[in-house]
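K.L.:
Pasted the sequence and its predicted model underneath.
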Amino acid sequence: MKLEGYLRGLSPSQVREVERLFRRSVEPTEIVSLQLGREIDQVARSLGRMIGVVVSREGRIEKVIVGTREILYLPDLGRYRLGKGRLRRLRLIFSSLSKGSSPAQIPTDIYTDLEKLRLDAVVSVRENGTDLSVTYAHLIGGLRVEEDPYHTEERFRYREGEESFLELMESVEDQLDAVPSHHTEENRALLIGVYPKNKMDWEESLLELKELARTAGVNIVDSVVQRRTPDPRTLVGRGKIEEIVLRALRLEADLLIFDGELKPFQWRVITNSTELKVLDRSMLILDIFSQRASSSDGRLQVELAQLKYNLPRLVEKDAGLSRLTGGIGGRGPGETKLEISRRRARDRIRDLEKRIDKLQSQRELRRQKRKGVPLPLIAIVGYTNAGKSTLFNAITNSSELAENKLFATLEPSQRRYVLPPTEEESLLGAYGSPVIFTDTVGFIRSLPEELRNAFRATLEELYEAHLLLHVVDGSSPYAEEQIKAVEKVLTEMELSDVPRLLVRNKCDVVSSGQGVLLGEDAGAISISARTGKGLDSLITAIRGELSSIVPSTHDYGASARWND
């Protein structure tokens with residue numbers, strides 16, 4: 001057994017003085033013995049530092065910890081007993097160096113340790129003349145999340161044998177065991193949003209994060225919003241991190257999802273501080289794409305994006321396993337797991353890029369073949385979950401996947417469709433004008449750059465388009481912001497010059513006020529892809545728009561489906 005904690009500046013005699021605490025013990029039925037309590041307080045005041053002793057439920061001294069005058073940092077106590085209602089079977093007895101005639105005090109950070117580590121109890125001791133002042137706290141169950149889940153008792157003059165510690169712990173564990181638990185549920189997440197005070201659309205951003213989490217199959221238990229300038233180290237600030245950890249613990253959440261992109265350094269600090277799984281908005285989007293990619297091409301692109309995004313986040317917690325440098329005095333076993341993982345990730349990235357480039361070349365050959373057939377290409381674009389796939393199915397009589405979730409469509413789909421002839425074309429015996437409709441992946445704000453690059457082949461279809469149908473969810477209160485987000489991406493892709501039609505979808509469920517916002521006055525064509533309302537007007541508008549873009553191509557009996 002050896003001392004742990006802040007030992008800098010202690011003389012050998014002082015170290016031996018603290019080590020003598022290992023010789024003590026506590027009766028299993030006692031919260032603390034008078035002799036041990038007095039000795040802990042005497043040593044703490046002699047050194048001017050907080051002293052803590054970790055005692056097992058059987059009364060053995062497991063650890064002795066030296067802190068500073070203000071803080072007692074607990075070392076890793078190992079994995080606690082998993083299971084409903086279980087405690088760690090360890091209690092912390094310490095001196096907080098409190099003064100005055102009041103009972104011994106328990107600092108806030110010690111209460112935090114009680115809850116986070118699920119200790120049996122925390123016990124603050126202070127020698128009070130010939131007596132011992134004791135204040136102890138233990139967990140309780142059945143309270144609301146907003147309430148502190150612990151009970152505190154004060155003993156200004158502590159007497160041994162006043163109550164049985166073993167009976168108290170049995171009662172506490174029975175009480176905790178009776179509290180309904182969600183321990184069997186997976187992916188219980190706490191959403192965290194940090195927004196500058198001048199950001200006005202933060203509610204929309206948080207709502208979108210909730211939809212992303214729902215699409216990924218995450219159970220959202222709560223959300224924490226902070227209006228502040230982001231902290232460069234932890235984003236939310238050190239004190240808020242502790243608050244978030246406690247809230248996650250009380251709600252049995254095992255996942256933290258941040259609205260925004262965490263820098264690799266921030267991600268590492270937060271992960272090490274919370275010991276929970278930490279995701280940011282980009283990681284969540286990548287996970288959704290990974291779940292929904294169905295073709296081999298899509299899976300390769302998603303894997304490439306994930307590797308590029310996660311490569312800076314490959315870290316080794318144990319500094320002792322870091323790679324030894326080469327040269328004299330620095331020769332070692334070679335690469336560690338971390339370096340091997342990084343090298344393999346880089347090799348895999350190069351391999352994926354080559355394979356994706358090859359697939360891109362194959363798609364280019366197919367596009368060149370299509371160019372021999374003079375058919376206009378109409379690309380359906382828009383914000384994710386605006387109803388693009390539903391519209392695609394309604395027009396082309398297809399059965400592509402269409403769900404009320406974000407990013408239901410990841411793979412581009414193409415179908416041949418014949419625009420109904422005009423009266424003049426009917427008199428000439430024409431069946432109509434054949435075109436190709438293509439359904440594309442939905443846009444979203446703050447799309448990870450790695451993902452956008454990896455899916456460049458998917459979005460390349462837009463560069464061949466003669467007309468873009470910009471589909472907008474007319475029922476969304478944030479429709480205008482979504483339009484701007486899509487237009488921004490199209491501008492970044494240098495597609496601003498491609499003609500487009502603004503299509504206001506879901507007019508069957510839109511409110512009257514929103515209808516004025518995105519109705520015909522705004523240049524939009526109102527439709528309901530689900531019920532078919534307004535589709536005839538849309539087809540007429542498409543035909544009129546194409547007449548000024550490409551020469552009319554009449555179909556005299558071709559099939560209604562295009563096979564790429």
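P.N.:
That came through fine. Residues are numbered from 1 along each chain as shown.
K.L.:
Could I get the phi/psi values of the residue lying closest to residue 28 once chain neighbours are set aside?
P.N.:
The shortest distance from residue 28 to any non-neighbouring residue, by C-beta to C-beta, 6 or more residues apart in numbering, is to residue 59 (4.8 Å). For every residue, glycine as well, the C-beta is placed using N, CA and C. With angles defined as degrees, to the nearest 10, residue 59 sits at phi 100, psi 0.
K.L.:
got it, and residue 469?
P.N.:
phi -100, psi 110.
K.L.:
The residue nearest to residue 28 - how many residues pack around it?
P.N.:
Applying other C-beta atoms under 10 Å, we find 16 residues neighbouring residue 59.
K.L.:
quick one: it from residue 160, how far?
P.N.:
To residue 160, residue 59 is 13 Å away according to C-beta to C-beta, to the nearest Å.
K.L.:
can you list residues touching both of those two?
P.N.:
Common neighbours of residue 59 and residue 160, using C-beta atoms under 8 Å, 6 or more residues apart in numbering, are 27, 30.
K.L.:
Ranking helices and strands of the chain by mean pLDDT, which lands last?
P.N.:
helix 512-517 (a mean of 48; mean pLDDT, DSSP states H and E).
K.L.:
Report the contact partners of the nearest residue to residue 60 once chain neighbours are set aside.
P.N.:
Excluding the flanking residues, the one nearest residue 60 by C-beta to C-beta, 6+ apart is residue 25, at 6.4 Å. Residue 25 makes contacts with 33, 36, 59, 60, 61, as judged by C-beta under 8 Å, 6+ apart.
K.L.:
In terms of helix, strand or coil, where does residue 25 fall?
P.N.:
Going by DSSP: H, G, I helix; E, B strand; the rest coil, the secondary structure assigned to residue 25 is coil.
K.L.:
ok, it to residue 117 distance?
P.N.:
Distance of residue 25 to residue 117, given as C-beta to C-beta: 22 Å.
K.L.:
how deep is residue 375 tucked in, by neighbour count?
P.N.:
With other C-beta under 10 Å as criterion, residue 375 counts 20.
K.L.:
Hmm, residue 438 and it touching each other?
P.N.:
No - contact between residue 375 and residue 438 fails when scored by C-beta atoms under 8 Å: they sit 11.4 Å apart.
K.L.:
picking that back up, check the contacts of residue 25 and tell me the two furthest apart.
P.N.:
Greatest spatial distance in the contacts of residue 25: 33 and 60, 12.7 Å, computed using C-beta to C-beta.
K.L.:
Tell me which of the two has more neighbours.
P.N.:
In this view residue 33 and residue 60 are compared by other C-beta under 10 Å, and residue 33 has more residues nearby, 19 against 14.
K.L.:
what's the closest non-adjacent residue to the more buried one?
P.N.:
residue 26 (5.1 Å).
K.L.:
repeat for residue 528
P.N.:
residue 508 (4.1 Å).
K.L.:
what sits against that neighbour?
P.N.:
Counting by C-beta under 8 Å, 6+ apart, residue 508 has contacts 528, 530, 531, 533.
K.L.:
I'd like to know how far the most centrally placed residue in the chain sits from residue 242.
P.N.:
Nearest residue to the geometric centre of the chain (C-alpha atoms, centre = their mean): residue 257, 2.6 Å. Per C-beta to C-beta, residue 257 is found 18 Å from residue 242.
K.L.:
now residue 541: how far from residue 469?
P.N.:
10 Å.
K.L.:
got any residues that touch both of those two?
P.N.:
residue 501.
K.L.:
So if I had to pick from these two, which one is more boxed in?
P.N.:
residue 469 (25 against 16).
K.L.:
give me every residue that touches the closest residue in space to that one that isn't next to it in sequence.
P.N.:
Leaving aside its sequence neighbours, residue 469 sits nearest to residue 380 (C-beta to C-beta, 6+ apart; 4.7 Å). If you count contacts by C-beta under 8 Å, 6+ apart, residue 380 has them with 388, 391, 392, 437, 438, 439, 440, 468, 469, 471.
K.L.:
give me that answer again for 10 Å
P.N.:
386-389, 391-392, 395, 409, 413, 437-440, 442, 465, 467-471, 503 (C-beta atoms under 10 Å, 6 or more residues apart in numbering).
K.L.:
for residue 37, helix, strand, or coil?
P.N.:
helix.
K.L.:
Please look at it and residue 125 and confirm they touch.
P.N.:
Yes - the criterion here is C-beta atoms under 10 Å, and residue 37 meets it with residue 125 at 3.9 Å.
K.L.:
Name the residues contacting each of those two.
P.N.:
31, 53, 93, 95, 104, 132, 133, 134, 158.
K.L.:
Can you get me a residue count around the last one?
P.N.:
When neighbours are defined as other C-beta under 10 Å, residue 158 has 25 of them.
K.L.:
circling back: what distance do you get for the residue nearest to residue 60 to residue 50?
P.N.:
Applying C-beta to C-beta to residue 25 and residue 50 gives a distance of 21 Å.
K.L.:
likewise residue 230?
P.N.:
Residue 230 is 33 Å from residue 50, by C-beta to C-beta.
K.L.:
Between the two, which is the more surrounded one?
P.N.:
residue 50 (24 against 15).
K.L.:
so that one makes contact with residue 65?
P.N.:
Yes - in this structure residue 50 lies within contact range of residue 65 using C-beta under 10 Å: 8.4 Å.
K.L.:
Which neighbours do those two have in common?
P.N.:
In contact with both residue 50 and residue 65: 5, 6, 72, 73, 94, using C-beta under 10 Å, 6+ apart.
K.L.:
Only the buried members of these: can you turn that into a ChimeraX selection?
P.N.:
Of those, the buried ones can be selected in ChimeraX as follows, counting by 16 or more other C-beta atoms under 10 Å:
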select :5,6,72,94
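K.L.:
quick check: domain ranges of this protein?
P.N.:
Residue ranges for the domains of the chain, per automatic domain parsing: 4-177, 188-289, 299-369, 373-547.
K.L.:
hey, least reliable of those by pLDDT?
P.N.:
Among the domains of the chain, domain 299-369 carries the lowest mean pLDDT, a mean of 68.
K.L.:
which phi and psi does residue 193 have?
P.N.:
Dihedral angles for residue 193 - degrees, to the nearest 10 - are phi -120, psi 130.
K.L.:
Wait, it touches residue 260, no?
P.N.:
Yes - contact criterion C-beta under 10 Å: residue 193 and residue 260 qualify, at 7.7 Å.
K.L.:
what do the two both touch?
P.N.:
205, 209, 281.
K.L.:
next one: the lengthiest helix in the chain to chain centre, how far?
P.N.:
In the chain, ranked by residue count with DSSP state H as the criterion, the top helix is helix 337-371. Put simply, helix 337-371 sits 27 Å off its chain's centre (C-alpha atoms, centre = their mean, to the nearest Å).
K.L.:
which element follows it toward the C-terminus?
P.N.:
Using DSSP states H and E, the helix or strand that follows helix 337-371 in sequence is strand 377-382.
K.L.:
C-terminal to that next one, which secondary structure element comes first?
P.N.:
helix 388-396.
K.L.:
partners of the following helix or strand past that following helix, with directions?
P.N.:
Sequence-wise, the next helix or strand downstream of helix 388-396 (DSSP H and E) is strand 413-419. The strands beside strand 413-419 in its sheet (DSSP bridges) come out as strand 433-439 (antiparallel).
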